[in-house]
Structures are given as structure tokens and as C-alpha cells.
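Here you go, sequence then predicted model.
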Amino acid sequence: MMSNFSVQCSTKMTGVVNPSESPERVTVAIRGVFPECVVMDENGHIIATSSDIKSLENIRDAVRSRQSQKAFRRILERHTDGNSTWFYLNKQAGFAGKVAVCAESDESPLGPIRVTITSYNLKDVIKWLASAD
């Protein structure tokens, strides 16, 4: 459910293709969380991009449903650098169409999907993503 929130931001999702995986499985994992992103295969990495804040709705909804907004906000704030921030998602959960935010990369046994958000209004994006209302 999308509020009337609108702000310019870009999102980049990066997943490493392990030797035991096919690029298609990593693509499915990313699309499980970000269904409308543009996907490319670059040298053993699947990279997906979106320029629409609506692509982050699944993340926002999952964080709210688990009531883990405060922990998620801490992750986003800890990884903020200028006008960007990042966090990890569990790749296996994404393959199943589920959202599982990881505090550390080793919480995803096959390696995480790294999500980088860039916006000149980053504080507003973080507030929206990790809000309770």
C-alpha cells in the first residue's frame, strides 16, 4: 500500500552468482523482491536497477509487518554515506518471493543481495521506509 509519498530515488540491487548457482536463479531472487526492475548480467553479478520509489514498497511492507522498523532504520543510518545508503537481503528468501533483511552479509548462506538506495532526499526515504505509520 503506497501512501502519497513521492521522492526521486534510484535503487541498485547486486547479487553475486556463485559457482553452484545459475544467473537465472539470482535474477529470480532479485525479481522476487523487486518485480519491476531492469536486470543485467555483468561478470558473475546480477545487477538490477529501478528509478521508482515504488520498487521499495515490498521492503517497507515486510519491515512494517515484522515490526522491525527501528532495527532497519539503524542499518540504513549506519550505512549512510552522503546521499546513499545500503542494506542486505537474503538471496534464498528473495528466490521464494520473501523479504528478509540481513544485518550482516553472512546471514545469507549463498551470499546476500546488496541494495543501494541513492537520493538527494535520503533522510525522507529512510523515514518513509522505516516508519511505523
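Received it, and whenever you're ready, just let me know what you need.

Which strands and helices lie in contact with whichever strand or helix holds residue 47?
For residue 47, the host element (DSSP states H and E) is strand 45-50. If you count contacts as 3 or more C-beta pairs under 8 Å, 6 or more residues apart in numbering; DSSP states H and E, strand 45-50 packs onto strand 10-16, helix 23-33, strand 38-42. Placement of C-beta: from N, CA and C, glycine included.

What's the local residue count around the closest residue to residue 131 other than its chain neighbours?
With C-beta to C-beta, 6 or more residues apart in numbering as the criterion, residue 131 has its nearest non-adjacent residue at 6.5 Å, and that residue is residue 69. Neighbour count for residue 69, taken as other C-beta atoms under 10 Å: 16.

In contact with residue 12, which residues are there?
Residues near residue 12 by C-beta atoms under 8 Å, 6 or more residues apart in numbering: 47-49, 115-116, 118.

I misspoke; the intended subject was residue 15.
Going by C-beta under 8 Å, 6+ apart, residue 15 touches 26, 29-30, 45-46, 91, 111-114.

Now, of the residues you listed, which are buried?
Among the contacts of residue 15, those buried by neighbour count (16 or more other C-beta atoms under 10 Å) are 26, 29-30, 46, 91, 111-114.
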